[in-house]
Structure formats: structure tokens, C-alpha cells
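Undergrad: Got a predicted structure plus its sequence, pasted below:
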Amino acid sequence: MPSLEGLDLHLNTLSSIQDGAFNGLPNLQWLILAGNELSSIPSGEFRRLPNLTKLFISHNSISSIQTGAFEDLLNLDHLDLSANGVSNISRAAFSGLSRLRLLALNDNDLNIIEDDTFQGVPNLEELELKSSKINNISPAAFRGLTQLRDLNLFKNRLVNISAESFRGLTKLSKLILATNRISNISRTAFRDLTNISSLYLTANMLESIDDGLFDGMPGMNSLFLPGNQLRNMSREWFKGLTQLRKLSLMWNHLETIDDGVFEEVPNLVELDLTINLIRNINRDAFRGLTKLTTLNLGNNKIQQIDANAFTHLNHLNHLNLNENLITQFPTTSRETQNLTIDLGNNPLICDCQLIEIVQGGPPKLTLGVCNEPVKLKGRSISSVIRADLNCRTQIYEASTSQAPASQSTASSTTESSTFVYIGIGLGVVVLAVITVAVFIIIKQK
């Protein structure tokens, strides 16, 4: 079968590969051996497959990869060894794979990535090490991977990220460190990652971040920090991230947003602060975020919002304030155009001020439910009309009570003039009556 280009042998309970099994397949390009019972890969197993480009050996029982196991596969660009229980990789296990672009070692038992583990794959672009029980990365573990673009270390057991962990990965664009146990990251751990675009640190145990940790990563587009234990943000955290567009800090323990804390990220478009402990939003909390379109503040403890907290966010389209303790939304925020605000699950007081915003806009308030007055409790704010609140009377009373001093003075002056004229009129009438009475008395005499 010299013309055969693909061979699928998965789920065949194969426990070994006989010598010469692939003789006569010089044009084979892809081979699937997944889901069998292979326990080892002897050196030279695939020497008769010079044109093989893709090899899938996942879900077997291969505990170790010996030196030179794949050295004859000069054209291989995709190798999947996931879910094998691999616990040991010899230093030169991947030697000869000079054209390999993707290497998957997910779901194994590696524990540690030793120095020079990936020697022999200089053109590797994507390395997957998910769920492999890794708790330590040796200083030169990734040495030589100068073309690596994606590194996935999701769901391992890493606690510390040292200054040497990612040394030399100058072309790395995406680094996934989510769902580990990371509590400490050296301030210089990312100093070589000058081309990084996305960094995932979700679901770790970070309580703080060293100032300047991300400095030197000018091309960073997305930074994900949800599910940590961060309490106090520092402006210095974001120093150098001038091109950052997405930032997620949801599900932490943040209590405050200091004025100007986001000024180092002027190009931010999406900011997620959901599920924190934030109580107040100050006027300058989001100062400098003139390009922000989406702001998530749901599931916090927000009670007070400065009247001008959002007015300078000219491009803001969606503001999520769901699940807070907000009773009133500031009227001056109406200046923000094309804005939809989710006020669901807040103890809203449905007064004429709120209804004016709901029915008049902008912004457009959605999903809110009245908590007060009692007669409107449970009603959607979008269904309440002015008549339900006798708003004309309330608006008249409000406008009267808030009249400017000059207007009050003018009213007082007008009232005084009126009393003067009335007094004069009454005086004329009394005088006329007296005159007539005198005239009658004189005539009778």
C-alpha cells in the first residue's frame, strides 16, 4: 500500500508494535494509535515513515519516553502524547524533530519539567502541558524554544514562578497558567516575554502582585486575574500595559477602587470587576478609560455611586451593576450616551427621579425591580409610569424646594408689591365709605 496517506488504528487494544509493522508505507502522512495499550516507544519504531507529519499516540499507557524515540520522523509537525501517564522524559527524547510545530503532553504525571526537556525541537510553536501534575519548572526547562508562541500549563500544581521559569521565550504570545496554586511570582518572571499578547492567571492563590510585574510587556492585549485573593489594587500593577484591551479582576476580594488606578491602561475596552467586595464608586475611579465600552461591576456591595463616575466614559455601551445594594442611580449620569445599565437585583427606590431616567434616558436602565415604595415593590422599573407616583406634584414640589436664591428673592419682592397694592385699595374703599357717611349725616342736619 505505498500510496496510503492515512492510517487509523485507534481502539484496537494494541500492546506493542512489531518491528517492520509500517514497512511499505513510504507516503503515510498521518497515523492514529490513540486509545490502545502501548506501554513504550522503542527507539526507531517509526524509522520507515519518512513523510509522516501527524502522529497521535494519546490514551495509552506510556510512562516514559526514551532518547531518540522519534528521531527518524524528520517531517513530523504534530505529536500528541496526551493521557498516557508519562512521568519521565529523557533529555533527548524529541531529538530529530526539527520541524515539529505542536507537541501535546496533556494529562500526564510529569511533576517536574527538567532542564533541556525539549531539546531537539527548535521550531516548536505550541506546547500543551495541561493537567500533568507539574509542581516545578527547572530554570532551563524551555531552553531552545525560541519560536514558541503558545504555552499551556493549565490545571497543574505550580506554586512559585521563578525569575528563570520562562527565560528565552521571546516570541511567546499566549501563556496559560490558570488553575494552579500560584501564590508567588518573581518580579522578573515575565521579563523576556516581550511579545506576549494574552496572559491567564485565573484561579490561583495570589494575594498581591509586585509593582511592575507586567512592565516590559507592551503588546499585552488581554490579562486575566479572576479567582485569586487580591485585595488592594495598585496603579503600578498595570505599568507598561499601554495596549491592554481586556482586563478581568472578577472573583477576588477587592474592596476599593482608588482614583486613577487604571490610568496606565488608557486603551482598555473591557473591564470586569464582578464578584468582589466594592462598596463605593468615586468620581475618578475610572479616570483615563476613555475607550472603555464594557464595565462589569455586578455582584459587589456597591451602595454609593458618585454622580459623575461614568460621565467621562464616552464610549461606554454596557454597564453591569446587577446584584448590588444600590437604591438610587445618579441623574447626572444621563449625560453618558448610548449606555445600557443593568440594575437587576438591587433594592431600588422607584421615585420620580428614577422613572424620569427610565422613560426619558439616556442612559437606558434595564432589569431593575422596585423595592420601594411598598405599593410598587416587585414591579419592573420599566413598567412604572409617572402616574403611579403622582410625579407632577412631586416634580412641582421638588422644583419649588430647589429654586435658586435669586428666584426666591424675586418671588418675595412680587409678594410684597402685591400686599402694598391691596393695602392701598382697601384704604381707598374705607375713605370712600367714611366720606359718604359724613355726607349723609350733614344732609340730615
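TA: Looks like it came in fine. Numbering: from 1, shown residues only.
Undergrad: Could you find the closest non-adjacent residue to S61?
TA: Counting by C-beta to C-beta, 6 or more residues apart in numbering, the nearest residue to S61 once its immediate chain neighbours are dropped is S39, at 4.9 Å. No exception for glycine: its C-beta is placed from N, CA and C like everyone else's.
Undergrad: just checking, the one you found touches S63?
TA: Yes: using C-beta atoms under 8 Å, S39 is in contact with S63, at 7.1 Å.
Undergrad: re earlier: same question for the residue nearest to S61, what's its three-state structure.
TA: Per DSSP: H, G, I helix; E, B strand; the rest coil, the local secondary structure of S39 is coil.
Undergrad: how near is it to G68?
TA: Separation of S39 from G68 (C-beta to C-beta, to the nearest Å) stands at 18 Å.
Undergrad: more neighbours, those two?
TA: More crowded of S39 and G68, by other C-beta atoms under 10 Å: G68, with 18 against 14.
Undergrad: tell me the contacts of the more buried one?
TA: Contacts for G68 were tallied using C-beta atoms under 8 Å, 6 or more residues apart in numbering; they are S43, G44, A92, A93, S95, G96.
Undergrad: what's the closest of the residues you listed to N152?
TA: Looking at those and their distance to N152, the nearest is A93, at 19.3 Å (C-beta to C-beta).
Undergrad: That closest one and I62 touch, don't they?
TA: No: with contact defined as C-beta under 8 Å, A93 and I62 do not form a contacting pair (11.1 Å).
Undergrad: So between these two, which is more surrounded?
TA: A direct count of neighbours by other C-beta under 10 Å for A93 and I62 places A93 higher, at 25 against 22.
Undergrad: Please name the nearest non-neighbouring residue to that one.
TA: The spatial neighbour of A93 that comes closest, neighbours along the chain excluded (C-beta to C-beta, 6+ apart), is I65 at 4.2 Å.
Undergrad: How about that neighbour: which residues does it bridge to?
TA: The residues listed as beta-bridge partners of I65 by DSSP bridges are I89.
Undergrad: how many other residues sit next to it?
TA: In terms of burial, I65 registers 23 neighbours under the definition other C-beta under 10 Å.
Undergrad: And F262, by the same measure?
TA: Neighbours of F262 using other C-beta under 10 Å come to 24.
Undergrad: gap between it and R287?
TA: The spacing between F262 and R287, counted by C-beta to C-beta, is 7 Å.
Undergrad: now the helices for this protein?
TA: Assignment of helices within the chain using DSSP state H yields the ranges 352-360, 391-401, 405-444.
Undergrad: Please name the residues that touch the residue nearest to L367 when sequence neighbours are not counted.
TA: Take L367 and drop its neighbours on the chain: the residue closest to it by C-beta to C-beta, 6+ apart is G344, 3.5 Å away. Under the criterion of C-beta under 8 Å, 6+ apart, the contact list for G344 reads N322, E323, T366, L367, G368, V369.
Undergrad: starting at the chain centroid, how far to stretch 232-244?
TA: Using C-alpha atoms, centre = their mean, to the nearest Å, we find the averaged C-alpha position of stretch 232-244 to lie 14 Å away from the chain's own average C-alpha position.
Undergrad: Put the alpha carbons of that stretch into PDB.
TA: Once side chains and other backbone atoms are set aside, the C-alpha atoms of stretch 232-244 remain, and they are given as PDB (Å, rounded to 0.1, in the frame of the first residue of the first chain):
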ATOM      1  CA  ASN A 232      -5.900  46.200  47.000                       C
ATOM      2  CA  MET A 233      -5.100  47.300  43.500                       C
ATOM      3  CA  SER A 234      -2.100  49.400  42.700                       C
ATOM      4  CA  ARG A 235      -1.700  51.700  39.800                       C
ATOM      5  CA  GLU A 236       1.800  50.200  39.400                       C
ATOM      6  CA  TRP A 237       0.400  46.800  38.700                       C
ATOM      7  CA  PHE A 238      -0.500  47.900  35.200                       C
ATOM      8  CA  LYS A 239       2.600  50.000  34.400                       C
ATOM      9  CA  GLY A 240       3.700  49.500  30.800                       C
ATOM     10  CA  LEU A 241       0.400  47.800  29.700                       C
ATOM     11  CA  THR A 242      -0.400  50.700  27.300                       C
ATOM     12  CA  GLN A 243      -2.000  48.400  24.700                       C
ATOM     13  CA  LEU A 244      -4.200  46.300  27.100                       C
END
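Undergrad: Identify each buried residue in it, please.
TA: M233, E236, W237, F238, K239, G240, L241, L244 (16 or more other C-beta atoms under 10 Å).
Undergrad: list the contacts for the third one?
TA: The one in question is W237. Remark: with contacts taken as C-beta under 8 Å, 6+ apart, W237 is in contact with I209, D211, L213, F214.
Undergrad: Hmm, the third one is touching L193, no?
TA: No: assessed by C-beta under 8 Å, L213 is found out of contact with L193, at 11.1 Å.
Undergrad: Comparing the two, which shows the higher neighbour count?
TA: For L213 and L193, the more surrounded residue by other C-beta under 10 Å is L193, and the numbers stand at 23 against 20.
Undergrad: Just give the nearest non-adjacent residue to that one, would you?
TA: Counting by C-beta to C-beta, 6+ apart, the nearest residue to L193 once its immediate chain neighbours are dropped is L172, at 5.4 Å.
Undergrad: For E5, see how far away the one you found is.
TA: Using C-beta to C-beta, we find L172 at a distance of 33 Å from E5.
Undergrad: So which of the two has more stuff around it?
TA: Counted by other C-beta under 10 Å, L172 and E5 do not tie: L172 has more neighbours, with 26 against 13.
Undergrad: need the contact list for that one.
TA: With contacts taken as C-beta under 8 Å, 6+ apart, L172 has the following neighbours: L148, R149, D150, L151, F166, L193, N195, I196.
Undergrad: before we move on, what about F56?
TA: Each residue near F56 by C-beta under 8 Å, 6+ apart is listed here: H10, W30, L31, I32, L33, A34, D80.
Undergrad: Show me what it bridges to in the sheet.
TA: Judged by DSSP bridges, the bridge partners of F56 are I32, D80.
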